[in-house]
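>>> turn this into a model:
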Amino acid sequence: MNDRVTIAVPLAEVRGRKKGRSTLKGRQVDPQARTDIDALVATHSGGKPLRRDLLIEYLHLIQDKFGQLSAAHMAALADAMKIAQTEVYEVATFYHHFDVVKEGESAPAALTVRVCETLSCAMAGADALLKKLPMILGKDVRVIAAPCIGRCSEAPAVCVGQNAFGNATVERVANAVKNQQICGVPGIDVKFTDYAQYQAEGGYKTYLGVLNETRAAESVLTEMEHSGLRGLGGAGFPTGRKWRIVKAETAPRLMAVNIDEGEPGTFKDRYYLERDPHRFLEGMLIAAKIVGIDAIYVYLRDEYHACRNLLEAELAKLNANPPGNVKLPLIELRRGAGAYICGEESAMIESIEGKRGMPRLRPPYVAQVGLFNRPTLEHNFETLYWVRDILEKGATWFADQGRNGRKGLRSFSVSGRVKNPGVKLAPAGSTVTQLIAEFCGGMADGHEFYAYLPGGASGGILPASMGDIPLDFDTLQPHGCFIGSAAVVILSNQDKARDAALNLMKFFEHESCGQCTPCRVGTEKAAHLLEESKWRTGLLEELSQVMVDASICGLGQAAPNPIRCVVKYFPHEI
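Predicted structure coming up:
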């Protein structure tokens, strides 16, 4: 419990190995570029000195304004922040959504269309979009394949500029480009509950009870413990216990909230955030009050532009008129930039004390004395979303929802070959056959249930014959799988598990940060081996074991799961 919580930023040679080494070191600062930077960050900084922990935020300002990160602007930013130019470069080149343009290189097209190519979207025809769109949109629009953008139930999904939407067709994308529909706007697809409506419907009354101590902290902790609520981002650490551990540490204490949701197949957090953001915010504030949190850092994936606009607006209302007129803890919303191996860590600060750490896929979801040696409470969005309901309806209400000996409710992100994909709120311990029949309207027309992913890209692949395993924490490990964030992808008799494994391995190859050789080389080598008509299972297993044993983060350790499952459960395909 003494691991340091640090932002997932590698050294220059890590991502630089893929994009080219820095040309910034020692570069003279261009006066006009420095003027551009000063003007750009002036409003954001409020006239205060630039903060090292906001480097990614400043890079976003440049990317959004100029459509690229030029060598001149990066050098000017480094000068303004009084940091090494290589430090700016190494951060910028780590993230996929930053277009680093070195001297002599051409700037990218003014508009980028990203087409998701990960499993659910690949099954829904993403490849056809990638082939047709460049011919339709022309040379002034860049069309690129992208990893999961969190709209798996609406596959295929695209992002036109910052406007992400599903059920994409060539015509719909071309229309969005033509009409310059390039910004994510909240409330277009669904109606969300804003601050005024949430309060009118009884929102924040539970928080006020905690704030005014009419509801004792000990009773809240006991209720959370008895509910059986566990971390719903993947690790499943008991929530009430986590609160007690952090509360017992010496103040000041921090909180990091993960709304990264980069696991292919996962979109539950976005679904709830788009509809009821204050239920999450109230749970967050209750946790902060009970544990004694001084500052909260919320990390939101960059693909969720509309959600960011929504959260920024609602947080402004909340801070301007807080419940009980009591000042809230510091709440900072941090924007991702397209990277899988980020989350709670990237909500935080990497170098305010000059310390640097290694990127990891999943930091431990327990209290950590880490960031600046401060106790840090880490939570997934959905965990906090349930706090209000549990406290108002009681721990027994939540715990009694489970099936097959399990406790609580789970929000399953279901995509693939079912009739009605989407977020399905079901009892923990439900089986995939129950999810399909009771919550998804059965299989899609013309499709027969063949296989399923119980926990997204990392969670393995199981055959339909094993469709009666309760889906919950600790139930899938004996079969070489895990539930993770409950991202369930359904395959049919028109799909092959081996093709799914290849798609997922290409995702892991794309998302590997390159920090360690077993993961960087292993994912690339595995992808090539999976493309062969006959799999060399002995070599694949040897490679898988090396990745599991020697990778420094969960990406490399979990990447072999789909391979091993195909070899074990689908030998007829290979």
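>>> give me the number of residues near residue 539?
Other residues near residue 539 come to 12 when the count uses other CB atoms under 10 Å. In this view, the C-beta of every residue, glycine as well, is placed from N, C-alpha and C.
>>> now for the helix or strand harbouring it, which elements pack on it?
For residue 539, the host element (DSSP states H and E) is helix 537-550. Packing partners of helix 537-550 (3 or more CB pairs under 8 Å, 6 or more residues apart in numbering; DSSP states H and E): helix 517-530, helix 554-558, helix 561-569.
>>> surely residue 304 and residue 162 touch.
No: using CB atoms under 8 Å, residue 304 makes no contact with residue 162, being 9.9 Å away.
>>> more crowded one of the two?
Neighbour count, other CB under 10 Å: between residue 304 and residue 162, residue 304 has more, with 27 against 19.
>>> state the distance from the more buried one to residue 136.
Computed as CB to CB, to the nearest Å, the residue 304 to residue 136 distance reads 27 Å.
>>> hang on, residue 376 in a helix?
No: using DSSP: H, G, I helix; E, B strand; the rest coil, the assignment for residue 376 is strand, not a helix.
>>> for residue 442, which non-adjacent residue is spatially closest?
Leaving aside its chain neighbours, residue 442 sits nearest to residue 419 (5.3 Å; criterion: CB to CB, 6 or more residues apart in numbering).
>>> ok, back up a step: what's the least confident stretch among the helices and strands packed on helix 537-550?
For the helices and strands packed on helix 537-550, the weakest mean pLDDT is recorded on helix 554-558, namely a mean of 92.
>>> quick one: list the elements packing against that helix.
By 3+ CB pairs under 8 Å, 6+ apart, helix 554-558 packs against helix 497-511, helix 517-530, helix 537-550.
>>> how about the contacts made by residue 303?
Going by CB atoms under 8 Å, 6 or more residues apart in numbering, residue 303 touches 149-150, 159, 164, 336, 338.
>>> most neighbours, which of these?
In terms of neighbours by other CB under 10 Å, these top out with residue 150 at 29 neighbours.
>>> got the phi and psi for it?
phi 80, psi 30 (degrees, to the nearest 10).
>>> from residue 337, how far off is it?
Distance, residue 150 to residue 337, by CB to CB: 15 Å.
>>> same question for residue 522.
For residue 522, the distance to residue 337 - CB to CB - is 25 Å.
>>> more crowded one of these two?
residue 522 (25 against 20).
>>> what is the burial count for residue 533?
Residue 533 has 5 nearby residues by other CB under 10 Å.
>>> next: the one 5 residues further on.
Taking other CB under 10 Å as the criterion, the count of residues near residue 538 is 8.
>>> that one and residue 118, how far apart?
Separation of residue 538 from residue 118 (CB to CB): 28 Å.
>>> what's the least confident helix or strand in the protein, going by average pLDDT?
One helix or strand of the chain scores below all others by mean pLDDT, DSSP states H and E: strand 368-369, with a mean of 32.
>>> can you list the helices and strands packed on helix 537-550 in JSON lines and add distance to residue 408?
As requested, the helices and strands packed on helix 537-550 are exported to JSON lines (distance: least, CB to CB, whole Å):
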{"stretch": "helix 517-530", "distance to residue 408": "33"}
{"stretch": "helix 554-558", "distance to residue 408": "24"}
{"stretch": "helix 561-569", "distance to residue 408": "25"}
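>>> residue 475 is nearest to which of those helices?
Closest of the helices and strands packed on helix 537-550 to residue 475 is helix 561-569, at 15.5 Å (criterion: CB to CB).
>>> the helices in the stretch 151-300 of the chain, which residues?
Along the stretch 151-300 of the chain, the segments classed as helices by DSSP state H, counting those that start in this stretch run 170-178, 195-200, 205-211, 217-227, 239-247, 268-275, 277-291.
>>> for the last one, what is the average pLDDT?
What helix 277-291 shows for mean pLDDT is 98.
>>> that one to helix 239-247, inter-axis angle?
Helix 277-291 runs at 50 degrees relative to helix 239-247, counting by axes from the mean of the first three to the mean of the last three CA atoms, to 10 degrees.
>>> alpha carbons only: can I get helix 277-291 in PDB?
Extracted in PDB, the C-alpha atoms of helix 277-291 (Å, rounded to 0.1, in the frame of the first residue of the first chain):
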ATOM      1  CA  PRO A 277     -24.600  13.500 -13.500                       C
ATOM      2  CA  HIS A 278     -25.600  14.800 -10.100                       C
ATOM      3  CA  ARG A 279     -26.300  11.400  -8.700                       C
ATOM      4  CA  PHE A 280     -22.700  10.700  -9.200                       C
ATOM      5  CA  LEU A 281     -21.600  14.100  -7.900                       C
ATOM      6  CA  GLU A 282     -23.700  13.700  -4.800                       C
ATOM      7  CA  GLY A 283     -22.100  10.300  -4.100                       C
ATOM      8  CA  MET A 284     -18.700  11.800  -4.700                       C
ATOM      9  CA  LEU A 285     -19.300  14.600  -2.200                       C
ATOM     10  CA  ILE A 286     -20.700  12.200   0.400                       C
ATOM     11  CA  ALA A 287     -17.600  10.100   0.100                       C
ATOM     12  CA  ALA A 288     -15.400  13.200   0.400                       C
ATOM     13  CA  LYS A 289     -17.200  14.400   3.500                       C
ATOM     14  CA  ILE A 290     -17.100  11.100   5.300                       C
ATOM     15  CA  VAL A 291     -13.500  10.400   4.500                       C
END
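>>> cheers, nothing more for now.
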